[in-house]
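1. here is a sequence with its predicted model. Questions after.
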Amino acid sequence: MNNRFFWCFIIVICAVTNSRAQSYSDTIAVFRKSYKADFIKEERSPLKGKDTAFLRFYPTKKEYRVQAHVTLTPDAPTFDMLTHSGKKQVYRQYATATFLWKGKKYTLSIYQSMSLIKKEQFYKHLFLPFNDLTNYETTYAGGRYIDLSTDDIVNGMIIIDFNKCYNPYCAYAGGYSCPIPPQENKLQLRIEAGEQLFAGPIKD
């Protein structure tokens with residue numbers, strides 16, 4: 001192999017590697033752009049227009065995209081999940097998801113809203129609320145959420161992408177009934193990914 005061909009080969013390999021490395025970050029960037037746009041489109045949104053400039057996120061880190069083993073819990077009873085307004089919402093545990101983080105095993109419950117599954121556009125929707133050790137410091141004290149779908153469960157596994165976790169509306173304003181993550185979903189580790197504390201004024 002002559003030197004010219006060798007260096008061309010190396011440049012191509014580096015370009016492909018960089019392209020792959022950037023593709024995941026680009027995906028999260030698109031997700032966050034859409035997330036901000038939804039605030040403006042949503043009629044009940046606590047944020048309008050320039051308010052979205054105060055949204056803050058951790059830098060994207062692919063290690064916070066974890067693969068978890070799923071155990072379905074079809075016989076789980078319904079229960080009342082508390083909200084920040086004091087009202088209760090009816091959920092049931094749909095499954096548990098177990099993943100490894102730095103050699104230690106963690107389990108989170110994945111829930112299904114008994115009211116949302118009655119709506120055609122949400123009947124596959126799954127809800128993953130959680131707390132972690134960043135709460136009160138760099139993230140909202142009341143926990144954060146991840147949206148999932150029953151279609152995300154493939155061969156008994158699911159991807160939990162903490163880079164996509166977001167704040168409930170209660171992080172920006174009062175007057176909303178945001179579910180409080182159950183005790184079983186309080187992680188004893190720092191999830192330094194996804195949305196951080198809102199940098200703007202909190203509305204009454």
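-> Alright, I've got the coordinates.

2. show the pLDDT at the residue most central in space within the chain.
-> By C-alpha atoms, centre = their mean, the chain has its centre lying nearest to residue 165, at 2.3 Å. In this model, residue 165 is scored at 98, pLDDT.

3. next: the one 10 residues further on.
-> If you check residue 175, the pLDDT there is 92.

4. tell me the secondary structure at it.
-> Here residue 175 is recorded as coil under DSSP: H, G, I helix; E, B strand; the rest coil.

5. how many neighbours does it have?
-> For residue 175, the count of nearby residues is 12 (other C-beta atoms under 10 Å). C-beta here means a position set from N, CA and C on the backbone, and glycine is covered the same way.

6. do residue 153 as well
-> 19.

7. kindly report the same for the one 5 residues further on.
-> By other C-beta under 10 Å, the residues close to residue 158 number 22.

8. which residues does it contact?
-> For residue 158, the contact set (C-beta atoms under 8 Å, 6 or more residues apart in numbering) comprises 67, 68, 70, 97, 110, 148, 152.

9. any idea how far the helix or strand encompassing it is from the chain center?
-> For residue 158, the host element (DSSP states H and E) is strand 157-161. How far strand 157-161 lies from its chain's middle: 10 Å, per C-alpha atoms, centre = their mean, to the nearest Å.

10. likewise stretch 174-184?
-> On C-alpha atoms, centre = their mean, the centre of stretch 174-184 falls 15 Å from the chain's centre.

11. and residue 82, bridged to which residues?
-> residue 88 (DSSP bridges).

12. and the strands in the protein, which stretches?
-> For the chain, applying DSSP state E gives strands covering 65-72, 78-82, 88-101, 104-113, 125-130, 144-149, 157-161.

13. which neighbouring elements make contact with the third one?
-> If I follow you right, that is strand 88-101. strand 65-72, strand 78-82, strand 104-113, strand 125-130, strand 157-161 (3 or more C-beta pairs under 8 Å, 6 or more residues apart in numbering; DSSP states H and E).

14. taking strand 104-113 as reference, get the angle to it.
-> Comparing the axes of strand 88-101 and strand 104-113 via axes from the mean of the first three to the mean of the last three C-alpha atoms, to 10 degrees yields an angle of 150 degrees.

15. what is the orientation angle of strand 88-101 with strand 65-72?
-> 120 degrees.

16. how much does strand 88-101 deviate in direction from strand 144-149?
-> 90 degrees.

17. flag the shaky bits of the protein, pLDDT-wise.
-> Within the chain, the segments meeting pLDDT under 70 span 1-22.

18. quick one: the closest residue in space to residue 25 that isn't next to it in sequence and residue 105, what's the gap?
-> In space, and not counting its chain neighbours, residue 25 is closest to residue 60: 4.8 Å by C-beta to C-beta, 6 or more residues apart in numbering. According to C-beta to C-beta, to the nearest Å, residue 60 stands 25 Å off from residue 105.

19. same question for residue 116.
-> When residue 116 is compared with residue 105 (using C-beta to C-beta), they lie 30 Å apart.

20. ditto for residue 152
-> 20 Å.
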